[in-house]
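Engineer: Give me coordinates for this.
(chains A, B and C)
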Amino acid sequence: MDYLDTLSEAQREAVTHRDGPLLVLAGPGSGKTRVVTCRIAELIKSGVSPRQVLALTFTNKAADEMRARVEQLVPGESVWLGTFHRFCARTLRQNASLVGLAENYTIYDTSDARKALDQAVQAAEITLTHTTLDQIAHQISDAKNALVTPERFEPRRSSPVGAIVAKAYPAYQKQLLTSNAVDFDDLLLHIAVMLQENPELRASLDERYRYILVDEYQDTNFAQYCIVRALAQDYPNLAVTGDPDQSIYGWRGANLKNILSFEHDYDQVRVVRLEENYRSTKRILRVAGALIENNKRRKAKRLFTDNEDGSRVVLATYATQREEAEGIAARIADDIQSERRRPRDFAIFYRTNALSRALEFALRDQGVPYQMIRGLEFFQRKEVKDTLAYLQLLNNPRDDVALLRVINTPTRGIGKTTLTHLTNHARRYGVPLFEAARESGLIEALSKRAAVAVAKFVAMIDHLGAHVHEPVEELLGHLLSESNIREVYEKSEDDADHERLANIEELLTAARQFDEVHAGDNTLEEFLEQAALYSDTDDWETEQDKVTLMTMHAAKGLEFPVVFLIAVEDGLLPHQRSMDDPAQMEEERRLMFVAITRAQQQLQLSRARKREFRGQRRTTIPSGFLMELPRDEMELVDSAPDFPSWQEDSNEWDDDSAFFEDSPAEESSVDVRGESRSPATRHATAGLMTAAALGQDQATATPPVSPEKFKHGMMVEHPEYGSGTIIALGGTADLRSATVDFPAMGMEKKFMLKYSNLRPASEESA
DNA sequence: ATTCGCAAAGTTTTT
DNA sequence: CTTTGCGAAT
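Structural biologist: Below is the predicted model:
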C-alpha cells in the first residue's frame, strides 16, 4: 500500500526494519503510534503470521486506539495487542498451576488487595506500631515491582517498618494464594518468575511471539523489563518505542534505565530517532524544549517542526483559583460563542484531581459542556463492587474478600460475631471462608439461627452457580433478584439508592455489550478480568463535543488544539512530595513537558496568587519551572497587576470578590464576560514582567525582609511552623541561612533567608 | 443489627 | 475541606 509514501524517512526506517532489536526514540507528536501500527501492518504483509506478533502497551486506551488503526491498515488480521497486565493475566490463566493458583483466580483491585492485606495481618497477629497498612502495602508493591519475592525480602537493617513488612509480606502472599487471588503487581511478578523458573515454557513463548513491540518503553518497571527480555531471547525481534523525556511513572516503579540502556541490553540495536514534530507550533515546541533541557539525566534530543510559529504561549497570573477558573471558562465560552472553536478543542490539565473543582463550577456557570476524566470511579462504587463481588465469588469460591463483601449485603442477619466464628474455623483448618460457611452446621460456636442464615446464603450461591455458564447479563439478572440487591434498592425511598440502581443498570449494559462480543466459553472469567483491569480513562470519548478536564498523567498520548495548564505553582507542580529529591524533580519536569507538548496551537499556563489548600487560603509561589521557560516565546498576562491589596488584607478582599460575583448586577452572559475581561487585563508582551521577574514576585508576596536583618537569638515567625528563635546563622548574601528552633513543634529547621517566609516576630503587630 | 454521629485522617499520579 | 472509618446508641 501507499502509506509508506506518506511517512518521513525516519518513520519509514522504523516501519520497515524487520529483524533484530529496534529502539525508536520518539519525541512528542512525532507520529509514534502511526509508526507502531504501520510496523505491525508491514510485518504481516512481509509474511509474518499475525499470531506471532505481540504488541504491548501501557494503557487500554492506547491498545484500543492501536487496534483500531491496525484494523484499518490490514483488515481482519488479529495480532495480540493489549496492556502488559492483560497479557500477563491471560498467560497466567493458562499456566496458573505453575505458581500455585487455579485458572479461575481473581484479580484484586487496590482496595480488595488492601482488605486481603488486612486479613493477613490480623491472621498473622502482626501489630501495627509506627506504621499503617498503606505503608506496608506500598513497600510490598515496591518489592513486587523489583521482583523481590516474599522469601527473598530482606528489610533494611534498623528499619522497624521493614521488619513488619518482612512478616506481613509472606502472610499477605499466603492469604492471596489461599483465596486464589492476585493483585495487580502479582500479574507481572508471577509471569516474570514463571519465565525464570520454567525454561521450556519461556522458550515456547519466546518462539510463539517472534515479533514483540513495546510501546511507552520508558514506563516499564523491572518486572516488565524482565518479562520482555525473557520473551525476546531466542528471537530478539524486539521493537521498543518511547521517549525518556516522557517517563512519568517513576513512582510506580518505572525505571528510566530500561530505555536508556536498551542499546547495551541487546546486541546490534538499530536506533531510530523521530524528532520531527507534526503536532505543535514552533513556539510551543521551543517552550517545551527549553524546559526539558534543564533535566540532567536524559538523552539530548533535537525537536523541530515545520508547523508555523503560532501564537505566544500565555503565562497568566490570576488573583485566586476562582478567578483562574472563571477566566479560563470565560475564554472558552467566548471562543465557542464566536464559533472560533468547538468545546472538544479544549483541554484543561492539572496536577491533582482535587484541583478540578473550581473549574467544574466555572464551566457549569458558563454553560460550557465538559467531561472530566478520573481514574476509576465507576467500578469503585459500592453497589457495582458489591455486584461484581458476587460474580467473583461465583467464579472463584475461594475468594475470601469477595465473600466478606457479599455475605451480608444486603443484610441477611449474618453479623460480626458469626463472621468471627467463621473466620476462626477457616483459619483453624486452613480453608477458605466459603468452605467454612458450607460447614456452618458443624461449627459449635454458632447459634442455630446464625447457622441457618449462613446455610441459606450458601444455598443461594450454589443455586446461582448453576447459571455461571450463561451469558453474563443473564447471570447478573439472576444474581440481582436472588440476592435481593435489586429489591432493596427499588424499595428504598432514598434518591441515592435509585442512582445506585441506575449504576447497576449500567453494569448490565456493559455485560450485554460484553456478551455480544464474547460468545464463547469462560466468559465470566474474562468479564471479571476486563472489569478489574479497566479504568475510566479508557473510555474517554473523543467524539463527544466537550471540553476535557484531566490530570497531566492522564493526558499522555493525547493532543488538543488548545491546552490550559493550571496551578503551575510551587508545591503543586512540582509537587511538594517531589521537591526534596532531584530525580523526582526531573520527573515533575517531564510531567510538565508532557502537558505542554499536548498542545497543537495554543497553550496557556496559569497560576493563582492565592489558592485554597486544605481548607485554608494560602499565598502561592510560582513554580520554579516557569523561570526555565524562554521569555521570547511567552506572553505574560496578569489579571490584577495594579491591585496590590491581595497581599496583606486579602481576606476581606476575597470575600468582596465573592460578593460581587454573586450579585445580580453583574450578570454573566458569555460575551459580556469575555469582552469585559480580556482587553482590560491583557498586557502587551513588551515590558512588564519577564519570566525571571515573575520569580521576584514571590519576594513581593511576603514583603521582603533583607537577610541582613536577622540576628542570632532573634524571635521569628514562620507561616507554617509558627514562632521560633534563631539559633545559628550561616552564609552571606543570597546564601545566608538561618537555623531556627521552633519550641512548639519540637524541631529545628534551616532556611535560606532569601527564599523563606521567615520574618522577625516584632513585625507582626505592624 | 442498623443507624447515626462524630472523630480522625489524609489528600499524586494508575494497571 | 472532604472523605473515610469507627464507635456509640437505639
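Engineer: give me phi/psi at the residue in chain A that DNA strand C sits nearest to?
Structural biologist: Distances between chain A and DNA strand C by Cβ to the nearest atom of the strand are smallest at A:G615, namely 3.1 Å. The C-beta positions use only the backbone N, C-alpha and C, and glycine is treated the same way. Phi and psi for A:G615, reported as degrees, to the nearest 10, are phi 80, psi 0.
Engineer: What is the three-state secondary structure of A:V368?
Structural biologist: Under the three-state scheme (DSSP: H, G, I helix; E, B strand; the rest coil), A:V368 adopts coil.
Engineer: what number of residues lie near it?
Structural biologist: Neighbours of A:V368 under the rule other Cβ atoms under 10 Å: 22.
Engineer: isn't it right up against A:T548?
Structural biologist: No: contact criterion Cβ atoms under 8 Å: A:V368 and A:T548 do not qualify, at 11.5 Å.
Engineer: Quick check: neighbours shared by the two?
Structural biologist: With contacts taken as Cβ atoms under 8 Å, 6 or more residues apart in numbering, not a single residue reaches both A:V368 and A:T548.
Engineer: quick one: pLDDT of the residue of chain A closest to DNA strand C?
Structural biologist: pLDDT, A:G615: 71.
Engineer: what residues are up against it?
Structural biologist: By Cβ under 8 Å, 6+ apart, A:G615 has no neighbours at all.
Engineer: Output the longest strand belonging to chain A.
Structural biologist: strand A:599-613 (DSSP state E).
Engineer: Could you say which helix or strand holds A:Q584?
Structural biologist: helix A:582-596 (DSSP states H and E).
Engineer: Ok, A:Q139 next?
Structural biologist: helix A:133-145.
Engineer: just checking, A:M550 touches A:Y370?
Structural biologist: No: A:M550 is not in contact with A:Y370 according to Cβ under 8 Å; the separation is 10.5 Å.
Engineer: What separation is there between A:L549 and A:A347?
Structural biologist: 8 Å (Cβ to Cβ, to the nearest Å).
Engineer: ok, and what's touching stretch A:69-80?
Structural biologist: Contact with stretch A:69-80 is made by A:1, A:3, A:33-34, A:37-38, A:40-41, A:44-45, A:50-51, A:53-55, A:81, A:87, A:209, as judged by Cβ under 8 Å, 6+ apart.
Engineer: and with 10 Å instead?
Structural biologist: Residues outside stretch A:69-80 that contact it (Cβ atoms under 10 Å, 6 or more residues apart in numbering): A:1, A:3, A:33-34, A:36-45, A:48-56, A:66-67, A:81, A:86-87, A:90, A:208-209, A:211, A:213.
Engineer: Determine if any part of that stretch is in contact with DNA strand B.
Structural biologist: No: using Cβ under 7 Å from any atom of the strand, stretch A:69-80 never reaches DNA strand B; the gap is at least 14.9 Å.
Engineer: buried sites along that stretch?
Structural biologist: Neighbour counts over stretch A:69-80 (16 or more other Cβ atoms under 10 Å) mark A:69-70, A:73-74, A:77, A:79-80 as buried.
Engineer: What is the neighbour count of A:D19?
Structural biologist: Neighbour tally, A:D19, other Cβ under 10 Å: 11.
Engineer: Report all helices and strands that the helix holding A:Q584 contacts.
Structural biologist: helix A:256-260, helix A:282-292, strand A:346-350, strand A:560-565, strand A:599-613 (3 or more Cβ pairs under 10 Å, 6 or more residues apart in numbering; DSSP states H and E).
Engineer: winner for burial among these?
Structural biologist: strand A:346-350 (a mean of 25; mean count of other Cβ atoms under 10 Å).
Engineer: Only C-alpha atoms, please: export that strand in CSV.
Structural biologist: Listed in CSV are the C-alpha atoms of strand A:346-350, where the atom choice follows Å, rounded to 0.1, in the frame of the first residue of the first chain:
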residue,chain,number,x,y,z
PHE,A,346,-10.0,22.5,24.6
ALA,A,347,-8.4,20.6,27.4
ILE,A,348,-7.5,21.7,30.9
PHE,A,349,-4.8,19.8,32.8
TYR,A,350,-3.9,19.9,36.4
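Engineer: Can you identify the element that follows it toward the C-terminus?
Structural biologist: helix A:357-365.
Engineer: A:D515 against A:G477, yeah?
Structural biologist: No: if you go by Cβ atoms under 10 Å, A:D515 and A:G477 don't touch, sitting 11.6 Å apart.
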